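K.L.:
model this:
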Amino acid sequence: MMLFGVSCNQTGLRKETTPTVHSDSLVDLEVRRLMAQGIELDERQRQARAIASVFARRAGPGRAHRLAALCYVKTIGTEFMPLDLAEIALAETGSIGLDATAVSPKGALGVWQLMPYRAISHGFRPEEMQDDEKCAEAAVMELTTKLEMANGDLVRAKKLYCGRGPDADAYEVKRRRYRKELLKELHSPVAAVAAEVRIRWWRVS
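P.N.:
Alright, predicted model coming up:
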């Protein structure tokens, strides 16, 4: 099926960044959306801090925080939380430092590993997948497509992000492992304080 447009077989990935600007209007909309769902904005912020800490184990602190910010911003106004986008990035390219130039053996591109034809279907050129911001946007669109295919089942949608069959089964095991790591970091008060210090350093540097 052509909709399975990412590559979950990461064997043989090879290596071949941009900050995001907040929009106050988007944040205002997100606050209202979260309040309507009974979710505090602080929860999204806590997730971003945890993501930055986990990403920093695989990439430099500046890059880790830029990618964490993308997980935060690009999921605003969607069905997803920052952790949802972060765990996919980790499952796809966490083993090679969340490299923007990653190319899978099947040709999937970028941190979130979109196949060229899927990038095109979301309005991007394949080479734009090396731009973290555009790759994150395409990944959110791809996950939204998979959520529709999964009839609203987010766990199944994340597995469909990879596809079907043995590769998808292995991918799901890996994704769940990364989610546990993220959740452990999320509930670590010491790590949260350290991440906040790093975020302040990044903003002034």
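K.L.:
please name the nearest non-neighbouring residue to the residue minimising distance to the centre of the chain.
P.N.:
The residue lying closest to the centre of the chain (CA atoms, centre = their mean) is residue 85, at 2.8 Å. Closest residue in space to residue 85, ignoring its immediate chain neighbours: residue 71 at 4.4 Å, by CB to CB, 6 or more residues apart in numbering. No exception for glycine: its C-beta is placed from N, CA and C like everyone else's.
K.L.:
distance of that neighbour from residue 80?
P.N.:
In this structure, residue 71 and residue 80 are 9 Å apart, going by CB to CB, to the nearest Å.
K.L.:
between those two, what contacts are shared?
P.N.:
Counting by CB atoms under 8 Å, 6 or more residues apart in numbering, no residue touches both residue 71 and residue 80.
K.L.:
so those two - more neighbours on which side?
P.N.:
Per other CB atoms under 10 Å, whichever of residue 71 and residue 80 has more neighbours is residue 71, with 27 against 21.
K.L.:
let me see the contact set for the residue nearest to residue 85.
P.N.:
Contacts for residue 71 (CB under 8 Å, 6+ apart) come out as 47-48, 51, 82-83, 85-86, 89, 136.
K.L.:
does it belong to a helix, a strand or coil?
P.N.:
When classified by DSSP: H, G, I helix; E, B strand; the rest coil, residue 71 comes out as helix.
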